[in-house]
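1. can you look at this prediction? I've put the sequence above it.
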Amino acid sequence: MTGEATLEPRRGRVALAAAVVATFALLCCGGSVSVFFLGGLFDEETDVYGYGCGTDAAVVDPRAGRLPRAGQLGDEQMRNAAVIVQVGQQMKVPPRGWVIAVATAMQESRLINLPNLGNRNDHDSLGLFQQRPSQGWGTPDQVRDPQYSSRKFYEKLLTVPNWERLALTDAAQRVQKSAYPDAYAQHEPTASLAVNVLTNGGARAAGGAVDLRCVGAGEISASGWAAPLKGKIVSGFRTASRPTHHGVDIAANKGTPIHASAAGTVIRMRCDARLNGQSISCDRDGSPQVKGCGWYVDILHAGAVITRYCHMVKQPDVRLGQSVAAGQQIGVSGSSGNSSGPHLHFEVHLDGDRSSNGAVNPEGFMREVGAPLGEGTA
């Protein structure tokens, strides 16, 4: 059985070409740190070398004399982001909520506590979250109080079922009911960065507002990512012996569940096994002589990041155009296509580029987003 289904990345609803993508390899739980910057997210004054997983983070103090910078966010914006994080910590909202709240305020107000702008106002929207007094958010003075408006945002967010596993744009929209529901996702990378610099890596953490730690098996980081499965990495990215290996191979028994690494949209679901130039079934084990990924899935995430999952044992559990949540099962591991044994071949691509030109080392990328690959994750 063969087949193909494809959706072009820039046609998907989360294809946000304007999103800023930061990819730099930071170790999750200590050790030496090697940093690579893309997109100019940091200025020269940003201190990124001390990132852990938020384990040493005290409650954020917006009144601190000098706050760190994140990307192009200025001092006023960082202080408002600090208020949002501080309120989340006080309310014991999990750190994923801090990222969602900061990204929402970036879209609604550029993290500026907006007054009544007269003719430029969107109805009676005010403050960091552009909350409307006429819709029951509070009085004009209340919604212009960053602590009050942050608390109201979190109170509403916490009523949304399964909010921690939703795409950021979906969680934010459930609260805000915006006329531009897809706009929030473009701010997710910078919001994650702001939370990281304010909390010593909290956007890569799991746990509660106080008990921050690196994500463990089956957990989703505050930045919204999870490892696709648990297993030893048996072949690395573009090694000397395999320079055209554009992902990593993770050992897994046949039938092991594979999970979406982050919320997104399925843009390809395909069987591409070929032998001697002819398409063959993917519902059987492949071999080193077979070409292609076998049964595989591509998912488009916020920031035009694409993840790829290859060699599934049978047709994937998702369909073209389907929205998936972080950690949702998308298929099971196998050995279809170019494979000598059961495993998951996992790739990460930037800028919506599914070709080898867009591929980056998944180990470094997943460490940075708080969901390191390897035997200790799932």
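-> Ah, there it is.

2. can you pull out the helices in the stretch 251-378 of the chain?
-> Using DSSP state H, counting those that start in this stretch, the helices of the stretch 251-378 of the chain run over 362-368.

3. contacts only, for Val83.
-> By CB atoms under 8 Å, 6 or more residues apart in numbering, the contact list for Val83 reads Pro62, Pro146, Gln147, Ser150. For glycine as for every other residue, the C-beta is placed from the backbone atoms N, C-alpha and C.

4. hmm, which of these are the buried ones?
-> Taking 16 or more other CB atoms under 10 Å as the criterion, what is buried in those is Pro62, Pro146, Ser150.

5. distance of the last one relative to Gly138?
-> Just to be clear, that refers to Ser150. As for Ser150, its distance to Gly138 is 12 Å (criterion: CB to CB, to the nearest Å).

6. and the nearest residue to Ala325 once chain neighbours are set aside, how many residues sit next to it?
-> Take Ala325 and drop its neighbours on the chain: the residue closest to it by CB to CB, 6 or more residues apart in numbering is Arg165, 4.3 Å away. Burial measure for Arg165: 20 neighbouring residues, criterion other CB atoms under 10 Å.

7. spatially central residue for the protein, please.
-> With distances taken as CA atoms, centre = their mean, Gly224 lies nearest the centre of the chain, 4.2 Å away.

8. and the least confident of the contacts of Val83?
-> Within those, Pro62 has the lowest pLDDT, namely 85.

9. Provide the secondary structure category for the residue lying closest to that residue once chain neighbours are set aside.
-> Excluding the flanking residues, the one nearest Pro62 by CB to CB, 6+ apart is Ala82, at 3.8 Å. Counting by DSSP: H, G, I helix; E, B strand; the rest coil, the backbone at Ala82 sits in helix.

10. quick check: Ala82 vs Pro372, distance?
-> Per CB to CB, Ala82 is found 27 Å from Pro372.

11. the two: who's more crowded?
-> The residue with more neighbours, out of Ala82 and Pro372, is Ala82; 24 against 21, by other CB under 10 Å.

12. please tell me how far that one sits from Gly364.
-> Here the criterion is CB to CB. By it, Ala82 lies 28 Å from Gly364.

13. burial of Ile233, as a residue count?
-> Neighbours of Ile233 under the rule other CB under 10 Å: 17.

14. residues touching it, list them.
-> Residues near Ile233 by CB under 8 Å, 6+ apart: Val248, Asp249, Ile250, Ala251, Glu363, Leu373, Gly374.

15. quick check, the fourth one in contact with Ser340.
-> What that stands for is Ala251. No - using CB atoms under 8 Å, Ala251 is not in contact with Ser340, being 11.6 Å away.

16. who has more neighbours, the two?
-> More crowded of Ala251 and Ser340, by other CB under 10 Å: Ala251, with 18 against 13.

17. report the separation between that one and Lys230.
-> Ala251 sits 10 Å away from Lys230 when distances are taken as CB to CB.

18. go on, Tyr184?
-> Taking CB to CB, one finds Tyr184 at 31 Å from Lys230.

19. do Ala101 as well
-> As judged by CB to CB, Ala101 and Lys230 stand 31 Å apart.

20. what's the answer for Met269, then?
-> Distance, Met269 to Lys230, using CB to CB: 24 Å.

21. Ala273 too?
-> Taking CB to CB, one finds Ala273 at 26 Å from Lys230.

22. same check, this time on Pro316
-> Pro316 is 19 Å from Lys230, by CB to CB.

23. more crowded one of these two?
-> Counted by other CB under 10 Å, Pro316 and Lys230 do not tie: Pro316 has more neighbours, with 21 against 18.

24. other residues contacting stretch 85-96?
-> 54, 59-62, 97-98, 101-102, 147, 150-151, 154, 157-158, 164, 195, 198-199, 202-203, 205-210, 212, 220-224.

25. which residue ranges make up each domain of the chain?
-> Split into domains by automatic domain parsing, the chain comes to 3-9+226-368, 19-214.

26. and the first one, how far out from the chain middle?
-> In terms of CA atoms, centre = their mean, to the nearest Å, the centre of domain 3-9+226-368 is set 17 Å apart from its chain centre.

27. I'd like the average pLDDT over that domain.
-> pLDDT averaged over domain 3-9+226-368 gives 94.

28. sorry, back to before: which two among the contacts of Ile233 are spaced furthest apart?
-> Ala251 and Glu363 (14.6 Å; CB to CB).

29. next one: the residue of the chain positioned farthest from its centre relative to Gln289, how far apart?
-> Most distant residue from the mean C-alpha position of the chain: Asn276, 38.9 Å away (CA atoms, centre = their mean). Noted for Asn276: a distance of 8 Å to Gln289, by CB to CB.

30. and Val99, by the same measure?
-> From Val99 to Gln289 the distance is 46 Å (CB to CB).

31. now for the helix or strand where Val197 lies, which elements pack on it?
-> Assigned by DSSP states H and E, Val197 belongs to helix 188-199. In terms of contacts (3 or more CB pairs under 8 Å, 6 or more residues apart in numbering; DSSP states H and E), helix 188-199 is packed against helix 75-90, helix 95-109.

32. need the winner for burial among those helices.
-> Among the helices and strands packed on helix 188-199, ranked by average contacts under mean count of other CB atoms under 10 Å, first place goes to helix 95-109 (a mean of 27).
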